[in-house]
Each structure stands twice: as structure tokens, then as C-alpha cells.
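Asks: Turn this into a model:
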Amino acid sequence: MPVFTVNNLSYCCFSAISDDGTKCVFGAKYPPAGGTLAPQMQTPSPASMLATPNVTREEVLAFWNSESTLQVDGSHKGGRWGSDNLPTSDRNWLTGLFIGDRLEITQVADGIIKFSGGKQFGESPVLDNTAGKAWSCNATYNGTTYGVYLTDNIMPQVARDVLFVWTNKSGNTFIKLLTRGNDPFSVDMPGQTVPGAGEHMEPGKDINVKKGVLRTVKEELGIPKTTLTQCYLLPLGRYADQGRDPRYHTYDGGKWGLVRGSETNAHVLYIKSDTDECPAEVDPEDTVEINKKWWTPLSSVLHDYPIGRWMIADHMKFIPDAIRAIDIFNVLSEDVQKESLLVVPDEDVALAAGGACASANA
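Replies: I've put the predicted structure just below:
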């Protein structure tokens, strides 16, 4: 059974070095959606990946347990939910793991086995299109065995964001804003504003598939089928600036942590109405991560909501891009516009019709 020594930690993951000191691999609690390779054990790692940060367990725990919600560079630190996804303080996955600890790791499958909550993997089939992207492994630490996805490079976050925008009969255009739940023990970045629904991608799936968009708006926005079938789906593109999401970067002034890529593919769910009555909505399924939602004028949202109120500053880039996308869409012929109508298969989304809408005033 191969033995590895942990040399760094980050959000939901760790890095570890082989016993011969030549190879660094990365272990993650959650499965990667893309951008990773299974460990290439015959290829030595560069010296930069083999380095170990000079940080103590006490410093790491003090960072997460401090009352400050911001890091020294001004980025948001994340709430208790963030610290609970660090192996050192995670109660359900590699509990207590820290730099310098040793892990016994056994490969179960070449490919990604469906996520099991971090528990030990059994003999299960791998998901389609995931062979060679990661190894599903069992890692034993402190007498307990956990499921780990092992890769050759640090797992990037791959997400989807969906902005909900409405133009009424009077020609006024609004965007639906949300706030994260306020309980720091349940969500990271509590109370921060987000410009739409968002979710991490699942492995082996197409980033732009409409079925995933439907799932996203059902869980976080609460849009019934009667409204969805009137919506146009407009792509905004890929957003992948380095460090765009502070949960997936280094911590405590760069003392420790792993620089993880973070990308999202964003869309606008756009509805034009022949009335001034806002579109029908229902309560979202997710009432933990989403605290409240409301309409606000699209043209003034960046002025009314300064950078400090946004969950991720990079989200602000969505707004001007959405305005441009809608302006381009509105000058297209009706026949061309109809090609962007969102198709909602009955078997994919079961949403009740009707429901009260939020106020169109922020």
C-alpha cells in the first residue's frame, strides 16, 4: 500500500508527496468536473510542487477561528462552512489531517466513482467519460479509511452561473439578485450578494447542457415551468481569472493553501413580458445557501451594490456582459430569437406553476 506525506492543505483538498520524494499528487473530497489528469506516477513533479509551507496547525486553526471575515488582502475568507471543508477541521473527511501526516492510499478505480460523502469506496462503476481524469482511491488516516479522488494536478473548480433578467412592457429591465444565507455555520461568505444561481459542475457532464441550467434555477431561483418556457437562454461565456474565487486560493497572506483554478460558464435566462407584472416564481428548493431574492434595475445594479457586497468580485463582470448580450438579442428577428427559447422537458424538471413574485424594487 503506497504511503504519502501531506505537504499542503486547501479547501476540500490536500497535496502529498510519495515516499521516494519525487512525486506530488493531489487528493480531493469532491470529484473533479474537468481539467484534471489521473496521477502520472512515472513523471517526477517540479520542485515547486514538492515544497512544504512553514505553517503550524495552531496558525491554521487560528486563521479559521478568528472573527474576521476578510483575509489580509481584503478577499472574503468564508464562514464556518469554509473551515469545515478543510481536512484539519472537517468532521467527516480525513478528520484532523495536517501537513507532515502520512496517508496510506490504495487505488480503487481509474476514473471517478460517484461521490459517497467522503466515505470509503467499494467496487462501483466509474462515471462515463472520466477514465484517465482521476483515480478513485481509499486513503487511511488515523485508523479510518476515506474516499479520495487522486489527481496529478490540483483540481479546478468548474461551475455554472445563471442570471435571471426580465424586461417588462414599459421597457424597464431588471435582474434577480440573491443573498447567501446569513448563518456562518451553514454557508461560506454569508450575507453576500450574488447576481443569480450558481452550482458546481458534476464530473463527466457537458458544461453548457440545458438540463443543468434547469436544475440550477430550480434549486436556487425557484422558477416554475410556466415562466421557464417563456425564457430565452443567452450564453455569456467563460470566466476564469486567476484567484476569482477566494475559497480556491491560498490563505493567511499566502502562507499556505493551494492555488486552484476557478472557472464558470455563465448564461442569462431572459424573459420579455407584455405586462408590467413580474414573472411568476416559487420558493427555491435551497433555503440554506439562499437567504432572499429580489428584482433590481439592471442598468444601476453596479452602482447600487458596491464591490464589498458581492460574494465574488468577479461576478460584477457578468452585468455589463449581460447588458450587451440582451442588447444584441433584442435587435434580432423574432424567428432568430425563437431559436434561443428554453425547452423544458417534463421528465427533466417538475416545477409547480404559479407562485408569488418578489417586489421589483431593491
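Asks: Low-confidence regions, this structure specifically.
Replies: 1, 202, 204-212, 346-362 (pLDDT under 70).
Asks: Please tell me how far residue 236 sits from residue 261.
Replies: 19 Å (C-beta to C-beta, to the nearest Å). Glycine gets a C-beta too; all of them are placed from N, C-alpha and C.
Asks: swap in residue 80?
Replies: On the measure of C-beta to C-beta, residue 80 and residue 261 end up 25 Å apart.
Asks: so residue 195 touches residue 315, yeah?
Replies: Yes: at 5.3 Å, residue 195 counts as touching residue 315 under the criterion of C-beta atoms under 8 Å.
Asks: Find the residues that touch each one of these two.
Replies: residue 161 (C-beta atoms under 8 Å, 6 or more residues apart in numbering).
Asks: Could you check which of those two has the larger neighbour count?
Replies: Per other C-beta atoms under 10 Å, whichever of residue 195 and residue 315 has more neighbours is residue 195, with 29 against 23.
Asks: quick one: contacts for that one?
Replies: 161, 163, 175, 177-178, 301, 310, 315, 318-319.
Asks: Grab the nearest non-local neighbour of residue 249.
Replies: Using C-beta to C-beta, 6 or more residues apart in numbering and skipping residues adjacent in sequence, the residue nearest residue 249 is residue 243, 4.8 Å away.
Asks: which SS class is the one you found?
Replies: Under the three-state scheme (DSSP: H, G, I helix; E, B strand; the rest coil), residue 243 adopts coil.
Asks: Which residues are in contact with it?
Replies: Counting by C-beta under 8 Å, 6+ apart, residue 243 has contacts 75, 249, 259, 262.
Asks: ok, which stretches of the stretch 201-350 of the chain are helices?
Replies: Counting by DSSP state H, counting those that start in this stretch, residue ranges of the helices within the stretch 201-350 of the chain are 210-220, 225-228, 301-304, 318-330, 334-338.
Asks: roughly how far apart are the spatially most central residue of the chain and residue 158?
Replies: Nearest to the mean C-alpha position of the chain, by C-alpha atoms, centre = their mean, lies residue 200 at 3.9 Å. For residue 200, the distance to residue 158 (C-beta to C-beta) stands at 7 Å.
Asks: shared neighbours, the two?
Replies: residue 33.
Asks: give me every residue that touches residue 52.
Replies: Contacts of residue 52 by C-beta under 8 Å, 6+ apart are 7-8, 99-100.
Asks: Tell me which two of those residues sit farthest apart.
Replies: Spanning the widest gap among these are 8 and 100, at 10.6 Å by C-beta to C-beta.
Asks: Looking at the two, which is more packed in?
Replies: residue 8 (22 against 10).
Asks: The more buried one belongs to a strand, doesn't it?
Replies: Yes: Residue 8 sits within a strand when classified using three-state DSSP.
Asks: Can you verify my assumption that it contacts residue 256?
Replies: Yes: applying C-beta under 8 Å, one finds residue 8 in contact with residue 256, separated by 6.4 Å.
Asks: which neighbours do the two share?
Replies: With C-beta under 8 Å, 6+ apart, residue 8 and residue 256 have common neighbours 53, 99.
Asks: how many neighbours does the nearest residue to residue 341 once chain neighbours are set aside have?
Replies: Residue nearest to residue 341 in three dimensions, not counting chain neighbours: residue 232, with 5.9 Å by C-beta to C-beta, 6+ apart. Neighbour count for residue 232, taken as other C-beta under 10 Å: 20.
Asks: cool, and the one 3 residues further on?
Replies: For residue 235, the number of neighbouring residues by other C-beta under 10 Å comes to 12.
Asks: Format the helices of the stretch 201-350 of the chain as JSON lines; extra columns: mean neighbour count and distance to residue 287.
Replies: JSON lines is the format used below for the helices of the stretch 201-350 of the chain (neighbours: other C-beta atoms under 10 Å; distance: least, C-beta to C-beta, whole Å):
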{"stretch": "helix 210-220", "mean neighbour count": "20", "distance to residue 287": "10"}
{"stretch": "helix 225-228", "mean neighbour count": "21", "distance to residue 287": "19"}
{"stretch": "helix 301-304", "mean neighbour count": "14", "distance to residue 287": "24"}
{"stretch": "helix 318-330", "mean neighbour count": "16", "distance to residue 287": "24"}
{"stretch": "helix 334-338", "mean neighbour count": "10", "distance to residue 287": "34"}
